[in-house]
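1. structure for the following, please:
(chains A, B, C and D)
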There are 2 protein chains.
Amino acid sequence: MTETANQEEPREIILKISLKLFTQKSYFKTSIADIARETSISSGSIYHVFKNKEAIAQALYDDLMERMDDSLAEIRRTHKTVADRTRAVVDLLFTLTEDAPEVMRFLLLSNYREFLPTEKSLSSSPAFEGFKEILSDGIKNGDIRRMNPATAYASFYGTILESIRMSLEGLLEKPISAYNHELWDSAWRAVVRR
Amino acid sequence: MTETANQEEPREIILKISLKLFTQKSYFKTSIADIARETSISSGSIYHVFKNKEAIAQALYDDLMERMDDSLAEIRRTHKTVADRTRAVVDLLFTLTEDAPEVMRFLLLSNYREFLPTEKSLSSSPAFEGFKEILSDGIKNGDIRRMNPATAYASFYGTILESIRMSLEGLLEKPISAYNHELWDSAWRAVVRR
DNA sequence: GTCTATACGCCGATAGAC
DNA sequence: GTCTATCGGCGTATAGAC
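-> Predicted coordinates:
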C-alpha cells in the first residue's frame, strides 16, 4: 500500500461514480465527460487508469461478480440443507437490493450484455450457476420434487428476481426484506417435494 | 386505402426492420443509416415517416402493447376461471416467444425504458396490470391463497418471464412450449390455495 | 414522398506539457 | 500520474432538388 490510509484511490472513485451514472442514466448516455465532472478527475486521468469506457464497465462487473461468488462460497460453508441455503441466497440478494441497489440495478436492469458483449447472461454467470446447483442438489436428495432443473431455477429464482425488479422500480410498498419470508415461502412451494 | 394491395407500407417495413435491429444489436448501436440500408429506404424518407429515432421505438412499443392488450381482452372473454385464464396467458406469452421472439426480446431484454424514458416498466404496463388483476381476482374468489398480490404476481409471472428469458438466451434444450404444462404447474403451485 | 448531400454536435480517445 | 487541449469520426437530423 503506497497510499496514506483513508485516501480513496482514483480507480475506486471512478468505479463508484460510474456505477451510479450507468444505473441512473444508462451506460450509453453516460459520457466520459460526465464521469470526469462527477469524480473531479480529468478525462485524461480516467484514461490513464482504464483503457477505455468499456473497461470501466468490465471492472465493475468483475468486482460485483467476485463479491457474489465469495458470498455464495460463504453460504455453502455455513448452511447445509437446501432450504437453509436458498434462504441465505434470498437474504443475500434482498440485502444487496436494499444496501446497494445500484449493484442490483446493474445486474438486473442495465442489460449489461449490450456493452459487455463477451459476458454471459446473469443466469449463466458462475454465481447464478451456483444458485442453480443448490436446487439441483435438492432434486438429487429429494428435498425438491423431481422436475426439470431449468424449471426449478425459473420458478424459484424467477420469483425472487422479479420481486427484486419490482422493488427497484418502486412497485413495493415496503422494503423488500419485509417480504422475505413470504417470498421465500412462495418460491419454495413451487419446487418443494409435496 | 390509397395503396394497391400487397404493397407493404414504408412505415411497416421500417418498423419490422427496426425491431429486428434493435433486438439484434440494441437500440443505441443501431443507426438510422443501418435502418436505411436494411430497408432500402433512404434516411431522408425515414425521417419523413418518423419524427426521429425515438419515435420509431415508440411506435414499435405502442403496436406491441396494443396487440398484447387485445390478446388479454380476448382471453378474458373466452376463459372464465383463474386457472384457465392464467393458462391462456402463459400460452400467449410462450407462443409469442416462439413465433415472434423479437417481440419478447424487445419487451424483456431490450430495457426499452432507456430509450423510451416516459414508458412504464413492463410489470406496470396495462397488459401486465391485467395479468396481475387475473391473480387478484383469484385471491378474492379463493382459487388463490390469501397472499400479497405483489407476491402472487412475482411468483407466477416471475416464473414465466424468467423461463422466457432463458428460452431467448438459448438456455433451454427444447422450444419453450414443450415446458408449457410443467411451467404453468410450477407457477400455479406457488399461488394455488392448498 | 423519395432521394442525395451535408451541417453540426457530441463523444471516445490521444497528445503532450507539467 | 495529473492535467488541458484537441482530433477524428460517427450519427442524428435537416435542406432542398426532383
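
2. contacts only, for residue A:91.
-> residue A:180 (C-beta atoms under 8 Å, 6 or more residues apart in numbering or on different chains). (C-beta placed from N, C-alpha, C; glycine too.)

3. now do it, the pLDDT please.
-> Note on residue A:91: pLDDT of 98.

4. helix or strand: which one has it?
-> For residue A:91, the element it lies in under DSSP states H and E is helix A:82-99.

5. centre of the chain to that helix, how far?
-> 11 Å (C-alpha atoms, centre = their mean, to the nearest Å).

6. go on, stretch A:163-178?
-> 15 Å.

7. buried ones in stretch A:175-188, by neighbour count?
-> For stretch A:175-188, the neighbour count (16 or more other C-beta atoms under 10 Å in any protein chain shown) marks A:176, A:177, A:179, A:180, A:182, A:183, A:184, A:185, A:186, A:187, A:188 as buried.

8. are that stretch and chain B in contact anywhere?
-> Yes: with C-beta under 8 Å from any C-beta of the partner chain as the measure, stretch A:175-188 is seen reaching chain B through A:179, A:182, A:183, A:186, A:187.

9. redo those as JSON lines? Include pLDDT.
-> Formatted as JSON lines, those follow (pLDDT from 0 to 100):
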{"residue": "A:179", "pLDDT": "98"}
{"residue": "A:182", "pLDDT": "98"}
{"residue": "A:183", "pLDDT": "98"}
{"residue": "A:186", "pLDDT": "98"}
{"residue": "A:187", "pLDDT": "98"}
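
10. secondary structure for those - can I get that in TSV?
-> Shown next, in TSV, are the residues of stretch A:175-188 next to chain B (DSSP: H, G, I helix; E, B strand; the rest coil):
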residue	secondary structure
A:179	helix
A:182	helix
A:183	helix
A:186	helix
A:187	helix
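
11. same list (these) but as a markdown table, adding distance to DNA strand C.
-> Formatted as a markdown table, the residues of stretch A:175-188 next to chain B follow (distance: C-beta to the nearest atom of the strand, whole Å):
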| residue | distance to DNA strand C |
| --- | --- |
| A:179 | 38 |
| A:182 | 42 |
| A:183 | 38 |
| A:186 | 42 |
| A:187 | 39 |
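
12. test my guess that residue A:182 contacts residue B:147.
-> Yes: applying C-beta atoms under 8 Å as the test, residue A:182 and residue B:147 come out as touching, 6.9 Å apart.

13. list the contacts of residue A:43.
-> Counted by C-beta under 8 Å, 6+ apart, residue A:43 has contacts A:32, A:33, A:35, A:36.

14. can you give me how far the host helix or strand of the last one is from the chain middle?
-> In the assignment (DSSP H and E), residue A:36 maps to helix A:32-39. Here helix A:32-39 is found 25 Å from its chain centre; the criterion is C-alpha atoms, centre = their mean.

15. and what of stretch A:68-79?
-> Distance, centroid of stretch A:68-79 to centroid of chain: 14 Å (C-alpha atoms, centre = their mean).

16. CA atoms only: put stretch A:180-188 into CSV for me.
-> Taking C-alpha atoms only, stretch A:180-188 is exported to CSV below (Å, rounded to 0.1, in the frame of the first residue of the first chain):
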residue,chain,number,x,y,z
ASN,A,180,-38.5,-12.0,2.7
HIS,A,181,-40.4,-14.9,4.4
GLU,A,182,-43.5,-14.6,2.2
LEU,A,183,-41.4,-14.6,-1.0
TRP,A,184,-39.2,-17.5,0.0
ASP,A,185,-42.2,-19.4,1.1
SER,A,186,-43.9,-18.8,-2.2
ALA,A,187,-40.9,-19.7,-4.3
TRP,A,188,-40.3,-22.8,-2.2
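
17. ok, back up a step: would you reformat the residues of stretch A:175-188 next to chain B as JSON lines and include distance to residue A:68?
-> Shown next, in JSON lines, are the residues of stretch A:175-188 next to chain B (distance: C-beta to C-beta, whole Å):
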{"residue": "A:179", "distance to residue A:68": "21"}
{"residue": "A:182", "distance to residue A:68": "24"}
{"residue": "A:183", "distance to residue A:68": "19"}
{"residue": "A:186", "distance to residue A:68": "23"}
{"residue": "A:187", "distance to residue A:68": "19"}
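
18. specify which member of those residues is nearest to chain B.
-> residue A:186 (4.4 Å; C-beta to the nearest C-beta).

19. now do the contacts for the closest one.
-> Residue A:186 touches A:159, B:147, B:151, B:152, B:154, B:155, B:190, B:191, counting by C-beta under 8 Å, 6+ apart.

20. average pLDDT for the strand or helix carrying residue A:71?
-> Applying DSSP H and E as the criterion places residue A:71 in helix A:53-78. Averaged across helix A:53-78, the pLDDT comes to 98.

21. and the angle for it with helix A:82-99?
-> 140 degrees (axes from the mean of the first three to the mean of the last three C-alpha atoms, to 10 degrees).

22. mind giving me the packing neighbours of helix A:53-78?
-> helix A:10-25, helix A:82-99, helix A:126-141 (3 or more C-beta pairs under 8 Å, 6 or more residues apart in numbering or on different chains; DSSP states H and E).

23. how far does the helix or strand that contains residue A:151 sit from the chain's center?
-> According to DSSP H and E, residue A:151 maps onto helix A:149-168. Averaging C-alpha positions (C-alpha atoms, centre = their mean) puts helix A:149-168 13 Å from its chain's average.

24. against residue A:27, how distant is the closest residue to DNA strand D within chain A?
-> In chain A, the residue that lies nearest DNA strand D is residue A:44 (2.4 Å; C-beta to the nearest atom of the strand). Taking C-beta to C-beta, to the nearest Å as the measure, residue A:44 falls 21 Å from residue A:27.

25. when those two are compared, which one has more neighbours?
-> residue A:27 (23 against 9; other C-beta atoms under 10 Å in any protein chain shown).

26. pLDDT at residue A:4, what is it?
-> pLDDT, residue A:4: 50.
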